[in-house]
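> Structure, please.
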Amino acid sequence: MHGITLFSPPVCRVHFPRAGSFQCSVTGLAFEVNTAVTIQYRYASWNRHLSAAAQEEWVVAGPLFNIEVQPGAVGAVHLPHFVCLAEDVDVSNCTIAHFKTQRMTLEKPTKLNAFYAVLENPSFSLLGVLWRRLRSTLNSLPMHSLVLIFQQLSAANTTLHLYLIPDDNSVKQAIEKQEMNWNSKLIPKPPPLSPLFFGCSYQVSSTPHVVITPEPHLPFCYKSPKEQQLFIEIYIRNMAEEIWLHITDGRNGTLVWKASLRSGDINPPTSCVSCTLTGAAFMKKHKKELCHRMGRISPILLHLRDANIINSDEEEEVQSQNMNRKKNQVLLQLVEKKGAEAQEQLYRILREKDLFLITDLEKSS
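Alright, predicted model coming up:
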């Protein structure tokens, strides 16, 4: 199987030289194909295609995909969903929405497992997972979710953004892109301890010297990746050795998530000049090791495209190389020619995508 090529706006293209199966590491989408074929796919917007009347009847339960492929070539498609099936959920309410010429038709999945709805012998255009809304109670559908914490590197003292979202790659990637534009870095933390429910409000709390604005609670809901996602700002004037963050269910005070934030998780505020010099110096010093040790390059290229560091011709030049080491070498040369700011952006992306590699290289300095 040949590698994925990523374009902007984010479009993925994968070529199968023979029958087989494939799962996309960027979107979670998976295919079983019957023959050699090229598949092109990208995220689409539920808000644009799901009518207001349909939204009264159905709950969005996964990303919406626009998929283009030769008819009959795909034996099955695995569409990601974020409904938690471990909570006695009625799986008969799951359906796959199929949009053609602005009209929605509904198809029952062939199989349903913990994270995917499988549709065999599919036809394609726009596909995504919906769940019938139960009118008896709004909070009847448990959802897998994520807590994302970003530190604003250019802010005074320690300023964090905390998001509470369904476990949807399209939403997560939209937030990462926005936060990168705001000069932020992701602080990895585990997901909630238990499923969350759309329509509920969740309370965020911490130690007394931590300021949470504008309100210490977040409604848990689905918002399209193209919409501004809800977050709260956490301001810490003096970072202690360790502080704890807690999220509780606003209905009954049940703890649904907790995490410690240690001083080692936090980058000290730095000026743009010193930050740029650090990134450029690191890239120059470890160029040889990075050529040999950088891993999956497609997500890195996607972030560089989104940050306007490289263009489509330069991305194609990197992807056209037939060895991973050569791809890494060409990418590092391209970024080096663009100057210190571009090298700093690549350094930040690598810290987010392959922290263990960067930490190991920094320890060897």
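
> What number of residues are in the vicinity of residue 286?
21 (other CB atoms under 10 Å). Every residue, glycine included, has its C-beta placed from N, CA and C.

> got a list of what it touches?
residue 361 (CB atoms under 8 Å, 6 or more residues apart in numbering).

> from memory residue 263 sits against residue 241, does it?
Yes: using CB atoms under 8 Å, residue 263 is in contact with residue 241, at 5.5 Å.

> The two - which one has more neighbours?
A count of neighbours by other CB under 10 Å puts residue 263 above the other of residue 263 and residue 241, at 12 against 8.

> can you list the residues that contact the longest strand seen in the chain?
Counting residues, the longest strand in the chain under DSSP state E turns out to be strand 58-68. Here strand 58-68 makes contact (CB under 8 Å, 6+ apart) with 27-29, 39-46, 49-50, 77, 79-83, 94-95, 97, 117, 124-133, 141, 168-170, 198, 222.

> For it, give the mean pLDDT please.
Averaged over strand 58-68, pLDDT sits at 94.

> The helix or strand just after that strand: how far from the chain's middle?
As assigned by DSSP states H and E, the chain's next helix or strand after strand 58-68 is strand 74-80. Relative to the centre of its chain, strand 74-80 is centred 20 Å away, using CA atoms, centre = their mean, to the nearest Å.

> got it, and stretch 174-194?
9 Å.

> what comes into contact with stretch 345-360?
So stretch 345-360 is contacted by 176, 180, 185-186, 188, 278-280, 282-283, 290, 293-296, 299-300, 303-304, 307, 309, 332, 335 (CB under 8 Å, 6+ apart).

> Whichever of those residues end up buried, select them in PyMOL.
Buried residues among these (16 or more other CB atoms under 10 Å), as a PyMOL selection:
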select buried, resi 176+180+185+186+279+280+282+283+290+294+299+300+303+304+307+309+332+335
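
> Can you list which of the contacts of stretch 345-360 are found in strands?
Filtering the contacts of stretch 345-360 for strands - DSSP E - leaves 185, 186.

> Which ones among the contacts of stretch 345-360 map onto helices?
176, 180, 278-280, 282-283, 290, 293, 299-300, 303-304, 332, 335 (DSSP state H).

> Go through the host helix or strand of residue 288 and flag the buried ones.
Element membership for residue 288, per DSSP H and E: helix 287-293. Going by neighbour count (16+ other CB under 10 Å), the buried part of helix 287-293 is 290, 291.

> same question for it, mean pLDDT?
88.

> Please apply the same query to stretch 304-322.
Mean pLDDT, computed over stretch 304-322, is 83.

> Give me the distance between it and the centre of its chain.
20 Å.

> quick one: residue 282 from residue 339, how far?
15 Å (CB to CB, to the nearest Å).

> before we move on, what about residue 227?
Plainly put, residue 227 is 34 Å away from residue 339 if you go by CB to CB.

> hey, what's the closest residue to residue 64 other than its chain neighbours bridged with?
In this structure, residue 64 finds its nearest non-sequential neighbour in residue 128, 3.6 Å apart by CB to CB, 6 or more residues apart in numbering. Residue 128 has these beta-bridge partners by DSSP bridges: residue 64, residue 97.
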